[in-house]
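**Student:** Kindly generate the corresponding structure for this input.
(2 chains)
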Amino acid sequence: MTDASARSAQQPGSVLDRKPDLSAKRVKRRYAAEARFRAIGLGAILAAMAVLATLVSTIVSQGLPAFTQYDLDLPVYLDPTEIDADNLNAANYQALVRRSLYERFPEVTQRREKRKLAGLISSGADIIVKSYVESHPDRIGTTQILSIPAADDIDTYLKGQMTDILEFTPQAELSPTGVSGDVQLLASGDVFAAILADTKILLEVESSRLMDNARREQLGIDSYRAEIKTLQVQLEDALGARRETIEDRISALDAQANRRVLTAAQLNEKAANLSEVARSTGGSVDLTDEMPSIFLEVNGGLVKANRVSSQLVEGTVIHPLTSAAPAAGGEWKILELTTPESNRRVKDREAAWLHILKSDNIIESRFATVMFTSGDSREPELAGIWGAVVGSFLTLFITLSLSFPVGVLAAIYLEEFAPQNRLTDLIEVNINNLAAVPSIVFGLLGLAMFLNFFGLPRSAPLVGGMVLALMTLPTIIIATRAALKAVPPSIREAALGIGASKVQVITHHVLPLAMPGVLTGTIIGMAQALGETAPLLMIGMVAFIVDIPGGFTDPATVLPVQIYIWADSPERAFVAKTSAAIMVLLTFLVMMNALAVLLRRRFERRW
Amino acid sequence: MSIAENIAKNAEGRTAPAGTRVKMHTKDVSVHYGEKQALFDVNLDIPEHQVTALIGPSGCGKSTYLRCLNRMNDVIDIARVSGTIELDGNNIYDPKVDVVEVRARIGMVFQKPNPFPKSIYDNIAYGPRIHGIAHTKAEMDEIVEVSLQRAGLWGEVKDRLAEPGTGLSGGQQQRLCIARAIAVSPEVILMDEPCSALDPIATARIEELIDEIKTKYSIVIVTHSMQQAARVSQRTAFFHLGILVEEGDTEQIFTNPRDERTQDYITGRFG
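**Tutor:** Here you go, the predicted structure:
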């Protein structure tokens, strides 16, 4: 017995006799700590879910428009003089569709305008007509209504992503002075007063902007003058050539300053004029293309407003009216496109045509099957992800069939058969290191070995799959080893005791029990491989590939690469398509994980 | 009655009948785990159709010796077995001998019941399947039924052969493991403290079982319970610190041990 225990054994009330401290203060502190711990955990989960919700809602809201596509259901006359039944490839199908548009708007005669009208439809319209003619050759000579996709800017406009379109139906009567050309439309009440007031506000805004610019000019002038002063001081001490240099500089600055004085004056004058008009009551205002576009739809025609006062609109007829008779209240409309023409790609004339076509019920919104049936294209309305989906599928198939058997068998060898020596330690360290190598290095390896040395075809899923397999191998090996280690030795001993050979023990007992862990590692590796772009860069899969790959050696691209290429493209319509492609990729990942959970549950055995 | 006297009473009449054949012959068996030696020159004969008990305090080497008999120490990398171990006169450590055959002829039941995570039927059927014993489903069914009957489990599980083996109680699981060992028709069954994880009723059941099946198999049982050794075995071997101290008929060991260390162990002075 030590001294301490001897001492406490003798004295009552010693440390050894003390009971646990169950005071309320301690208990409260403990509860508070536990509550804090739980709150932190819950907070972390909520924060993660909030971020996830933000991500998903952003992507979905941006990507949903890409799943619909606007078509024009145009009546196309399949002219037998144009289409030769024996040589369907030679006909100019695009011209046939254009003809349909020209016939609808016969007042469009100028070349430039006709080109704009033809630009309402996609440049891929001819393919659609051709495939229709090929499958219905008996319809040559008739007029058929065909669904022609709208051009990408038109599609964006129709989806409301380019401008808001406001409609007003005033209750006053409107009297036009003509049916074409420049006309005046007089209303029986102050129906345009609101537009007038809004326009005046815009003028005021523009005026103050001009005055700001004038002020900035003034600052520039002041700085020039200051510099001239310092140079003049220097001039007094300077001699010879230096004198000349300084004098030249002074005169240059002087000229610039004078120019800017003029500019400032002009700006101020303009600002004053605008302000005067803006502050006046009544009167009329010119509508420029930096202001929202105003149209009047009356008597079956469309007039673009050029000048507005509270009761009168002066404008140009874009689509002829059927008559100049006054239209009663409720039978005509004011249309306002809130984004000014100069900020839009779809100009007023095209907007007007589209409005007419919409009231003809020619414009229809449909599910964008092109997204899931065609490969990439320069034209957004013809671009789809099917090529990338097939490419991803083929590539991942190769990756799985190479990395799964090799990885699992390598892990089994290292875990069960390899002797414990320096060499196996080295291999183990290297496998763990490989898992941390930047993925682009695998791409370089693929380029050097598969493309240059073995001479395999570029951009093929075969090579891409092999590169990704190299990348996924360490993940699968490490996960499999961990799963094998987790199988209890009692199972192995039982199997050995029965007289199973080592291989039988592994294949009949250990591997099935390790399967859930192996599958988890495999799915993680596959999901990583699905989202990779860098290693595929070097082997040529980051490229613009139009055709759907037919086999493992055809050029192909993969989903994440497609997303990257589309994200890089300037066309507005690709923004929605990029988000839509991201949604498809995420769906695939979720499906793969669901499959993993399913497979694990099937293989799960309780021991 | 003291414990020792109780044990001695149990051991009464436990002798090996005259003219028993030697099933396994071990001579100068030593086992090294790396640098450390765990068994020192053990000479022991296992008689046929008898129960031989290996007793001794913890860490005396009895389990190590047992695992030598079916080459289970091969699995341990640092273990080195030297000496001669013969089954029916054939050296089982001969390089030409297939270890799978050895383990098929010498079965093992472990301390903690370890049925495979398969159905009861598949647990029993696994051994015959990999050794090619049954050729048809009917033959396999017969083997399963007979094995379970011999293990005394058939009545309890005959209606639920498809259920997982891990769903049985501890005692049933151990009997399942015994049935599994029986299914491949071994000649020797090694049991490493088979009842240490079980309650007394299950233990009694298994001891009864051992007594029934000894007529068909030769059994070697490691036990830390002297009462069990006295109840169940005909021959007993006492191990201490890696040395085989004494071996002989069970009655003689427990009533009249020759060595002082044996006497001390039996009377409970240590261990």
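**Student:** For the stretch 1-150 of chain B, what lies in contact range of chain A?
**Tutor:** Taking C-beta under 8 Å from any C-beta of the partner chain, the part of the stretch 1-150 of chain B that reaches chain A is made up of B:70, B:72, B:75, B:77, B:99-104, B:107-110, B:112, B:114-117, B:126-127, B:130-131. (Glycine included, C-beta is placed from N, CA and C.)
**Student:** Buried among these? Make that a PyMOL selection.
**Tutor:** Command for PyMOL that selects the buried part of the residues of the stretch 1-150 of chain B next to chain A, burial taken from 16 or more other C-beta atoms under 10 Å in any protein chain shown:
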select buried, chain B and resi 70+72+99+100+102+103+104+107+108+109+110+112+114+115+116+117+126+127+130+131
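**Student:** Narrow the residues of the stretch 1-150 of chain B next to chain A to those in strands?
**Tutor:** In strands, defined here by DSSP state E, the members of the residues of the stretch 1-150 of chain B next to chain A are B:Gly107, B:Met108, B:Val109.
**Student:** between these, which is nearest chain A?
**Tutor:** Ranked by distance to chain A (C-beta to the nearest C-beta), those are led by B:Met108 at 3.8 Å.
**Student:** Return the residues in contact with that closest one.
**Tutor:** The contact partners of B:Met108, taken as C-beta atoms under 8 Å, 6 or more residues apart in numbering or on different chains, are A:Gly497, B:Asn70, B:Met72, B:Ala181, B:Ile189, B:Leu190, B:Met191, B:Asp192.
**Student:** do A:Thr424 as well
**Tutor:** Residues near A:Thr424 by C-beta under 8 Å, 6+ apart: A:Leu414, A:Ala418.
**Student:** Confirm that it sits in a helix.
**Tutor:** Yes. When DSSP: H, G, I helix; E, B strand; the rest coil is applied, A:Thr424 is found to be in a helix.
**Student:** Distance to A:Ile128, secondary structure and pLDDT added to the contacts of B:Met108, as JSON lines?
**Tutor:** Compiled in JSON lines, those are given as follows (distance: C-beta to C-beta, whole Å; DSSP: H, G, I helix; E, B strand; the rest coil; pLDDT from 0 to 100):
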{"residue": "A:Gly497", "distance to A:Ile128": "72", "secondary structure": "helix", "pLDDT": "93"}
{"residue": "B:Asn70", "distance to A:Ile128": "77", "secondary structure": "coil", "pLDDT": "92"}
{"residue": "B:Met72", "distance to A:Ile128": "75", "secondary structure": "helix", "pLDDT": "93"}
{"residue": "B:Ala181", "distance to A:Ile128": "75", "secondary structure": "helix", "pLDDT": "94"}
{"residue": "B:Ile189", "distance to A:Ile128": "80", "secondary structure": "strand", "pLDDT": "95"}
{"residue": "B:Leu190", "distance to A:Ile128": "80", "secondary structure": "strand", "pLDDT": "96"}
{"residue": "B:Met191", "distance to A:Ile128": "81", "secondary structure": "strand", "pLDDT": "95"}
{"residue": "B:Asp192", "distance to A:Ile128": "79", "secondary structure": "strand", "pLDDT": "94"}
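**Student:** List just the nearest of those residues to A:Ala66.
**Tutor:** Of all the contacts of B:Met108, A:Ala66 sits closest to A:Gly497, with 62.5 Å by C-beta to C-beta.
**Student:** so that closest one touches B:Ala181, yeah?
**Tutor:** Yes. The criterion here is C-beta atoms under 8 Å, and A:Gly497 meets it with B:Ala181 at 7.3 Å.
**Student:** list residues touching both of the two?
**Tutor:** Here A:Gly497 and B:Ala181 have B:Gly107, B:Met108, B:Val109 as joint contacts, going by C-beta under 8 Å, 6+ apart.
**Student:** Which residues are in contact with the first one?
**Tutor:** Meaning B:Gly107. Neighbouring residues of B:Gly107 by C-beta under 8 Å, 6+ apart: A:Gly497, A:Ile498, A:Gly499, B:Asn70, B:Ala181, B:Ile182, B:Val184, B:Pro186, B:Val188, B:Ile189, B:Leu190.
**Student:** Show me what the last one bridges to in the sheet.
**Tutor:** When bridges are taken as DSSP bridges, the partners of B:Leu190 come out as B:Met108, B:Val220.
**Student:** Show me what the one helix or strand A:Gly315 maps to is packed against.
**Tutor:** Taking DSSP states H and E as the definition, one finds A:Gly315 inside strand A:312-319. Counting contacts by 3 or more C-beta pairs under 8 Å, 6 or more residues apart in numbering or on different chains; DSSP states H and E, strand A:312-319 is packed against strand A:182-187, strand A:293-298, strand A:301-309, helix A:348-359.
**Student:** make it 7 Å
**Tutor:** Strand A:312-319 is packed against strand A:182-187, strand A:301-309, helix A:348-359, with contacts defined by 3 or more C-beta pairs under 7 Å, 6 or more residues apart in numbering or on different chains; DSSP states H and E.
**Student:** neighbours around the residue nearest to A:Pro137 when sequence neighbours are not counted, how many?
**Tutor:** Distances taken as C-beta to C-beta, 6 or more residues apart in numbering or on different chains place A:Ala85 nearest to A:Pro137, at 6.2 Å, with adjacent residues excluded. Around A:Ala85 there are 12 other residues, counting by other C-beta atoms under 10 Å in any protein chain shown.
**Student:** any idea how far A:Ala85 lies from chain B?
**Tutor:** For A:Ala85, the distance to chain B (C-beta to the nearest C-beta, to the nearest Å) stands at 68 Å.
**Student:** and what of A:Val298?
**Tutor:** For A:Val298 relative to chain B (C-beta to the nearest C-beta), the value is 82 Å.
**Student:** That residue is in contact with A:Ala172, isn't it?
**Tutor:** No. Counting by C-beta atoms under 7 Å, A:Val298 does not reach A:Ala172; the two are 11.9 Å apart.
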